[in-house]
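Asks: sequence and predicted model, in that order:
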Number of protein chains: 2
Amino acid sequence: MVTLKDIGERVNKSVTTVSRALSGCSDVSPDTILLVKGAAKEMGYVPNTLAQRLQKKTADTIGIIVPYSSTGYAEPFFSELLAGIGKEASEQGLDLLVAYAKKENELSLYKKLVSGRRVDGFVISRTLCQDERIDYLLSINFPFASFGMVENRQDFPFVEEDGEYAMTTIVNHLVERGHTRIACICPPLSVMFSSVRLRGVRKRMAELGLPLPDEMVRIGSFDQKDGHEQASHLLDLPNPPTAIIGFNDSIAFGAINAGKERALKIGEDLAVTGFDDIPMAEMYRPPLTTIHQPIAEIGSLVTKLLVKAIQEKNPKYKDTGLGLENMQVIMCPKLIIRESS
Amino acid sequence: MVTLKDIGERVNKSVTTVSRALSGCSDVSPDTILLVKGAAKEMGYVPNTLAQRLQKKTADTIGIIVPYSSTGYAEPFFSELLAGIGKEASEQGLDLLVAYAKKENELSLYKKLVSGRRVDGFVISRTLCQDERIDYLLSINFPFASFGMVENRQDFPFVEEDGEYAMTTIVNHLVERGHTRIACICPPLSVMFSSVRLRGVRKRMAELGLPLPDEMVRIGSFDQKDGHEQASHLLDLPNPPTAIIGFNDSIAFGAINAGKERALKIGEDLAVTGFDDIPMAEMYRPPLTTIHQPIAEIGSLVTKLLVKAIQEKNPKYKDTGLGLENMQVIMCPKLIIRESS
DNA sequence: CTGAAAGCGCTAACAC
DNA sequence: GTGTTAGCGCTTTCAG
């Protein structure tokens, strides 16, 4: 493993000079630059990243902590997001550190990575209405960017889709199709997007003068199995809904199955909609009406925001003059109508 | 940010002593240990990981490079695997570095991570029959463990499922159900598992005296879309198959859709089988007959092998006495029969 | 233009 | 038991 010192010895120059020659800047004579670069190449020199980082006091790494439950290791949504983040990170020359944690260990893992200086910033996703991760990171002024807002504050960079508006378009669509008895299947309402979306549905239904009785709102989990279960409940009600709004695609898939089991014709007897437009949505049968979110691109966008946030903290770049307002993106959701509704 | 030096100054001890007291070992007086540990806690000391690593000459990080094509960022298979690897890594106290690369940049990314000493080893998956990544890592004696073997050599740690045997069980199952005109949809045969599985099908069909004409073997890609396309070809043949063996679950889902479009009753008119048993397999309609692979556990197992491989290279541990034979695991596949066949 | 010296934070060999 | 000294590989003043 060849070091600056090695090549210094070879060309009879000091380590310093070699370092400078290689880094390109600072004044070094063109001759030595050539000389050094030649030797470096010949000897197969590659800088030791760890050493560079120690000295720069930077990890050149961004972190993402993905929660897992006993059920469902890998939700399709996260995979997509991760891919987007990963691609952007490599384009920015940053490493991506991925850690998996159970919900109860999550915060302490954040703390550990922060205090060990193992990452320069975090991407956070699936925010909660009251999110202790965000409170923590904000309290120590550690860079992060999130996919999703929180309830009580918004003094940080984020990307958000307009969930209320999205739900308006869905309700409109269903009502146009003649549905009046509409149900929702939601993940826990402590999850920001879940509570926002439910609010959206409530609001639009009210505007249209339609009722949304409590029995039409089922709170469950994120996955298909649970979607199936909740939908079964709904469909076995004395007066079942004719349309089910799944708060994500997996839930909707479960609802479709539940409908099929009851010999309902999906898209006619029972309309089902999802949210996210994961790749499977288009391929499911029947194809799923859903809100399109460019998940991978969102991952990439959040990462870009994070990079800015990191740079802002670095005095060298402090003149980028980017206010927070330039680091808060709200995306306009798009309804994709397919055969399930 | 508090360092050893800081706490040394506080308690009037040398940095060395502090370091030793904290690390627990070496002889330090119980008093100073208490003193130092107290101060450390009070001051909120956390070691600087980067510094430790530089000095230990270790990255305490394992890497995985996941390939992506323009289509399909995140195959469900990889996500599962990643989750397994991630969990095991954190249990071992290792960071997981995830990088995304296009196929054509893949090898150079390996080289970059190796030469920058950014990882101590790699997990490799979806091996090719001739795999340049493996050739490279072996040639420089860099630790890795793979999910999947290669064709020409096997002097490295791996986990493999017995793909030939798996296919035997599938063919048996289909033939028992009365199928004789059986087709395969395979990813490129340069991919190890694909060629092994095809060999398995060929072998068993031959043993049973059944033909497997060329037109019954379609080579495509990994995803559902392509599965759909290939299956469409097959089903539009003058003499179409009555059973389709998809070489992974996504392909099988595509085939099921193609069948449905032609008004075939899946599981009766047309049998379809998959491979992997991703979570969706059970939830698809009809539920998919497939080979179960405990993907997340495999991820965890491969990671364990990798950790051993890394330790073996470290002189400190050289007496673990683990020969390669203990680091090569072949798993016995299990057929899960569901309604699609 | 180049080099010597210091330092990033930590660990380890070697004294005392 | 504890401190001194070196050193991991690199960057960055500060002098020449």
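Replies: Thanks, I have the structure now.

Asks: the helix or strand hosting A:Thr17 packs against which elements?
Replies: Per DSSP states H and E, A:Thr17 falls inside helix A:15-23. Secondary-structure packing of helix A:15-23 (3 or more CB pairs under 8 Å, 6 or more residues apart in numbering or on different chains; DSSP states H and E): helix A:4-11, helix A:30-43. For glycine as for every other residue, the C-beta is placed from the backbone atoms N, C-alpha and C.

Asks: which SS class is the residue nearest to A:Ile85 when sequence neighbours are not counted?
Replies: Using CB to CB, 6 or more residues apart in numbering or on different chains and skipping residues adjacent in sequence, the residue nearest A:Ile85 is A:Gly299, 4.2 Å away. Here A:Gly299 is helix, with the state taken from DSSP: H, G, I helix; E, B strand; the rest coil.

Asks: need the phi and psi values for A:Phe156.
Replies: A:Phe156 adopts backbone torsions of phi -160, psi 160, taken as degrees, to the nearest 10.

Asks: most tightly surrounded among the helices and strands packed on helix A:15-23?
Replies: Of all these, helix A:4-11 has the most neighbours on average by mean count of other CB atoms under 10 Å in any protein chain shown, namely a mean of 17.

Asks: number of nearby residues for the closest residue to DNA strand C within the stretch 101-250 of chain A?
Replies: Of all residues in the stretch 101-250 of chain A, A:Arg117 sits closest to DNA strand C, at 8.2 Å by CB to the nearest atom of the strand. The number of residues packed near A:Arg117 is 20, by other CB atoms under 10 Å in any protein chain shown.

Asks: surely it is within a helix?
Replies: No: judged by three-state DSSP, A:Arg117 forms no part of a helix; its state is coil.

Asks: quick one on the thing from earlier: wait, which of the helices and strands packed on helix A:15-23 is closest to A:Asn152?
Replies: Counting by CB to CB, A:Asn152 lies closest to helix A:4-11 out of those; the figure is 50.3 Å.

Asks: who in the stretch 51-200 of chain A is up against DNA strand C?
Replies: By the rule CB under 7 Å from any atom of the strand, the part of the stretch 51-200 of chain A lying against DNA strand C is A:51, A:54-55, A:57.

Asks: ok, the closest residue to A:Pro211 other than its chain neighbours to A:His179 distance?
Replies: Nearest residue to A:Pro211, sequence neighbours excluded (CB to CB, 6+ apart): A:Met205, at 7.3 Å. Taking CB to CB, to the nearest Å as the criterion, A:Met205 is separated from A:His179 by 11 Å.

Asks: same thing with A:Thr169?
Replies: For A:Thr169, the distance to A:His179 - CB to CB - is 14 Å.

Asks: and chain B, which of the residues of the stretch 51-200 of chain A next to DNA strand C contact it?
Replies: A:51, A:54 (CB under 8 Å from any CB of the partner chain).

Asks: pull out the buried members of the residues of the stretch 51-200 of chain A next to DNA strand C.
Replies: A:Leu54 (16 or more other CB atoms under 10 Å in any protein chain shown).

Asks: which residues of the stretch 151-300 of chain A lie near chain B?
Replies: Proximity of the stretch 151-300 of chain A to chain B, by CB under 8 Å from any CB, involves residues A:224-225, A:228, A:253-254, A:256-257, A:260, A:279-280, A:283, A:285, A:296.

Asks: mind listing which of these are in helices?
Replies: Residues of those located in helices (DSSP state H): A:224-225, A:228, A:253-254, A:256-257, A:260, A:279-280, A:283, A:296.

Asks: could I get the residues of the stretch 151-300 of chain A next to chain B as JSON lines with pLDDT, neighbour count and distance to B:Leu189?
Replies: Shown next, in JSON lines, are these (pLDDT from 0 to 100; neighbours: other CB atoms under 10 Å in any protein chain shown; distance: CB to CB, whole Å):
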{"residue": "A:Gln224", "pLDDT": "94", "neighbour count": "28", "distance to B:Leu189": "33"}
{"residue": "A:Lys225", "pLDDT": "94", "neighbour count": "20", "distance to B:Leu189": "36"}
{"residue": "A:His228", "pLDDT": "97", "neighbour count": "23", "distance to B:Leu189": "38"}
{"residue": "A:Phe253", "pLDDT": "97", "neighbour count": "29", "distance to B:Leu189": "32"}
{"residue": "A:Gly254", "pLDDT": "97", "neighbour count": "26", "distance to B:Leu189": "36"}
{"residue": "A:Ile256", "pLDDT": "98", "neighbour count": "29", "distance to B:Leu189": "36"}
{"residue": "A:Asn257", "pLDDT": "97", "neighbour count": "23", "distance to B:Leu189": "35"}
{"residue": "A:Lys260", "pLDDT": "96", "neighbour count": "16", "distance to B:Leu189": "37"}
{"residue": "A:Pro279", "pLDDT": "90", "neighbour count": "21", "distance to B:Leu189": "25"}
{"residue": "A:Met280", "pLDDT": "93", "neighbour count": "22", "distance to B:Leu189": "26"}
{"residue": "A:Met283", "pLDDT": "94", "neighbour count": "20", "distance to B:Leu189": "25"}
{"residue": "A:Arg285", "pLDDT": "94", "neighbour count": "17", "distance to B:Leu189": "30"}
{"residue": "A:Ala296", "pLDDT": "92", "neighbour count": "21", "distance to B:Leu189": "29"}
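
Asks: mind putting those in CSV, distance to A:Gly24 included?
Replies: Output for these, formatted as CSV (distance: CB to CB, whole Å):
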residue, distance to A:Gly24
A:Gln224, 53
A:Lys225, 56
A:His228, 59
A:Phe253, 53
A:Gly254, 56
A:Ile256, 58
A:Asn257, 60
A:Lys260, 64
A:Pro279, 43
A:Met280, 47
A:Met283, 49
A:Arg285, 57
A:Ala296, 34
